[in-house]
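Chemist: only geometry, no sequence info:
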């Protein structure tokens, strides 16, 4: 009881110190990401998170950094070295890292009925790389809606495909995990050899679904907003950024796939 009171007091002092300190929005965003990585790494070190003995701090830190920053690099075997709890921590890090700290924080504030202040809007501008505060909260809602819809459709397709080799719950979990990982370009997989040396390597349903999720997640939410705004307008006039993003994505994806399907298929997984 005394320890709980001590921890609570320390937490209150830390929050008060952060509120009093006059950090810039960029510093807050960076600090929040570092805090998420550190907390996630500590959670991965818990005995309940690993199948064997507790992992080293450097390995847990590397894994969580890779998840939050969606790099896809691993030093441990995700399905063998981590339990369901550990995998969920990694999955949560991937989703938060893909959405961005400011987006997640804004959602929490909206859920709690809190007003989005100037400081929060400035942080959103930093992360979303926009020059205007107008419509930022609406943009965050669009981001979340697009993410959930695309990941949901991808997860449904993958679940149906995996259900032929797994039980329903395993197929559902695997479908959700890989859909989130693919859309956020994280590279994590519940298969030790990913999709390179398994029966799914030549499975068009799995390959095309994963590939589509990767492309849709990599285009960027600014492109989606521009397209949606044009669809609701009288004239369809895309921005230069959107045109370049779509053109470059198409040039980097379509020609290699047509010219050498086997090599392109392998590179996507």
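Modeler: Cool, the structure landed. Since we're looking at a predicted model, the values are computed, not measured.

Chemist: need phi/psi at residue 164.
Modeler: When quoted as degrees, to the nearest 10, the phi and psi of residue 164 stand at phi -70, psi -20.

Chemist: how many neighbouring residues does it have?
Modeler: By the measure other CB atoms under 10 Å, the count of residues near residue 164 is 7. No exception for glycine: its C-beta is placed from N, CA and C like everyone else's.

Chemist: roughly how far does it sit from residue 206?
Modeler: Counting by CB to CB, to the nearest Å, the gap from residue 164 to residue 206 is 11 Å.

Chemist: tell me the contacts of residue 42?
Modeler: Going by CB atoms under 8 Å, 6 or more residues apart in numbering, residue 42 touches residue 60.

Chemist: domain parsing for this protein?
Modeler: 1-134, 135-269 (automatic domain parsing).

Chemist: which residues touch residue 242?
Modeler: Residues near residue 242 by CB under 8 Å, 6+ apart: 222, 223, 226, 227.

Chemist: next: residue 51.
Modeler: For residue 51, the contact set (CB under 8 Å, 6+ apart) comprises 80, 81, 82, 83.

Chemist: just to revisit the earlier point, select from the domains of the chain the stretch with the lowest mean pLDDT.
Modeler: Mean pLDDT per stretch puts domain 1-134 lowest among the domains of the chain, at a mean of 73.

Chemist: from the contacts of residue 242, which is closest to residue 211?
Modeler: residue 223 (17.7 Å; CB to CB).

Chemist: okay, now that closest one: neighbour count?
Modeler: Residue crowding around residue 223 was assessed by other CB under 10 Å; the count is 19.

Chemist: with adjacent residues omitted, what lies nearest to residue 212?
Modeler: Excluding the flanking residues, the one nearest residue 212 by CB to CB, 6 or more residues apart in numbering is residue 154, at 7.4 Å.

Chemist: where's the one you found, which helix or strand?
Modeler: Take DSSP states H and E as the rule and residue 154 turns out to sit in helix 136-162.

Chemist: got the buried residues for that helix?
Modeler: By neighbour count on 16 or more other CB atoms under 10 Å, the buried set for helix 136-162 is 136-137, 139-140, 142-144, 146-147, 150-151, 154-155, 157-159, 161-162.

Chemist: just the contacts of residue 51: which are in helices?
Modeler: 80, 81 (DSSP state H).

Chemist: just the buried residues from the contacts of residue 51, in PyMOL please.
Modeler: To isolate the buried ones among these in PyMOL, judged by 16+ other CB under 10 Å, type:
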select buried, resi 81+82
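
Chemist: Throw the contacts of residue 51 into JSON lines and include distance to residue 210, thanks.
Modeler: Shown next, in JSON lines, are the contacts of residue 51 (distance: CB to CB, whole Å):
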{"residue": "80", "distance to residue 210": "21"}
{"residue": "81", "distance to residue 210": "23"}
{"residue": "82", "distance to residue 210": "21"}
{"residue": "83", "distance to residue 210": "24"}
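
Chemist: among the contacts of residue 51, which one sits closest to residue 176?
Modeler: For these, the closest approach to residue 176 (CB to CB) belongs to residue 82, at 15.9 Å.

Chemist: gap between that closest one and residue 166?
Modeler: 18 Å.

Chemist: with residue 37 instead?
Modeler: From residue 37 to residue 166 the distance is 31 Å (CB to CB).

Chemist: so between these two, which is more surrounded?
Modeler: Taking neighbours as other CB under 10 Å, residue 37 and residue 166 compare with residue 37 leading, 22 against 15.

Chemist: quick check, the more buried one in a helix?
Modeler: Yes - judged by DSSP: H, G, I helix; E, B strand; the rest coil, residue 37 forms part of a helix.

Chemist: tell me if I'm right that residue 177 and residue 87 touch.
Modeler: Yes - counting by CB atoms under 8 Å, residue 177 sits close enough to residue 87 to count as a contact (7.1 Å).

Chemist: common neighbours of these two, please.
Modeler: The contact sets of residue 177 and residue 87 overlap at residue 190 (CB under 8 Å, 6+ apart).

Chemist: of those two, which one has the most company?
Modeler: Looking at residue 177 and residue 87 with other CB under 10 Å, you find the greater number of neighbours at residue 177, namely 23 against 19.
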